[in-house]
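*Asks:* sequence-free structure coming up:
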């Protein structure tokens, strides 16, 4: 066993990833996007952003897949409102929530975890992190296999 980097793992298997590509990168845009989602009753599970340069950014977020039919019209109005160049909705995703046994302060902890995804040929589509939690969005069909490997390798008392 590599060690007890993780204290536990939760999986939400009915997730969709929504990405607004090339929104205006200016103060208040994220606040407006996520306020609009909240006002309409949507629960956002994870958020990531990527700076694109030229005052543009990509914003991705994970939502329960069951919300996509209701969410679609709002997302497309946001595309126009915030100047997004493209919108994508990727269904059949899972959200893995990894809880760090002692946080993720140990040098190389994230690298060890991400190496397991690579070994299984799993591309991590979103990474959202805090001091003690990693939230990762991956293809749903890969969630079971990687969860078992992570538990065996990194959760205290779960290894072989």
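*Replies:* Noted; the coordinates are in hand. All values reported here derive from a predicted model rather than from experimental measurement.

*Asks:* Quick one: the helices in this structure, in order.
*Replies:* Listed in chain order, the helices of the chain (DSSP state H) span 29-39, 68-81, 109-119, 143-154.

*Asks:* For the longest one, which residues meet the burial criterion?
*Replies:* Read that as helix 68-81. Residues 71, 74, 75, 78, 79 are the ones in helix 68-81 that count as buried (16 or more other Cβ atoms under 10 Å). Every residue, glycine included, has its C-beta placed from N, CA and C.

*Asks:* now, which of the residues you listed sits nearest residue 46?
*Replies:* Distance to residue 46 across the buried residues of helix 68-81 (Cβ to Cβ) is lowest for residue 71, with 15.2 Å.

*Asks:* Please list all residues in contact with the closest one.
*Replies:* If a contact means Cβ atoms under 8 Å, 6 or more residues apart in numbering, then residue 71 has 18, 37, 40, 42, 63 as its contacts.

*Asks:* Which residues are in contact with the second one?
*Replies:* Residues in contact with residue 37, defined by Cβ under 8 Å, 6+ apart, are 44, 61, 71, 74.

*Asks:* ditto for residue 140
*Replies:* Contacts of residue 140 (Cβ under 8 Å, 6+ apart): 13, 14, 15, 92, 93, 94.

*Asks:* what's the distance between residue 146 and residue 77?
*Replies:* For residue 146, the distance to residue 77 under the criterion Cβ to Cβ, to the nearest Å works out to 35 Å.

*Asks:* ok, now residue 136?
*Replies:* With distances defined as Cβ to Cβ, the gap from residue 136 to residue 77 amounts to 29 Å.

*Asks:* try residue 21
*Replies:* Distance of residue 21 to residue 77, computed by Cβ to Cβ: 16 Å.

*Asks:* Would you reformat the contacts of residue 140 as a markdown table and include pLDDT, neighbour count and distance to residue 5?
*Replies:* Shown next, in a markdown table, are the contacts of residue 140 (pLDDT from 0 to 100; neighbours: other Cβ atoms under 10 Å; distance: Cβ to Cβ, whole Å):
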| residue | pLDDT | neighbour count | distance to residue 5 |
| --- | --- | --- | --- |
| 13 | 94 | 15 | 23 |
| 14 | 96 | 14 | 27 |
| 15 | 98 | 26 | 23 |
| 92 | 98 | 13 | 28 |
| 93 | 98 | 23 | 24 |
| 94 | 98 | 22 | 20 |
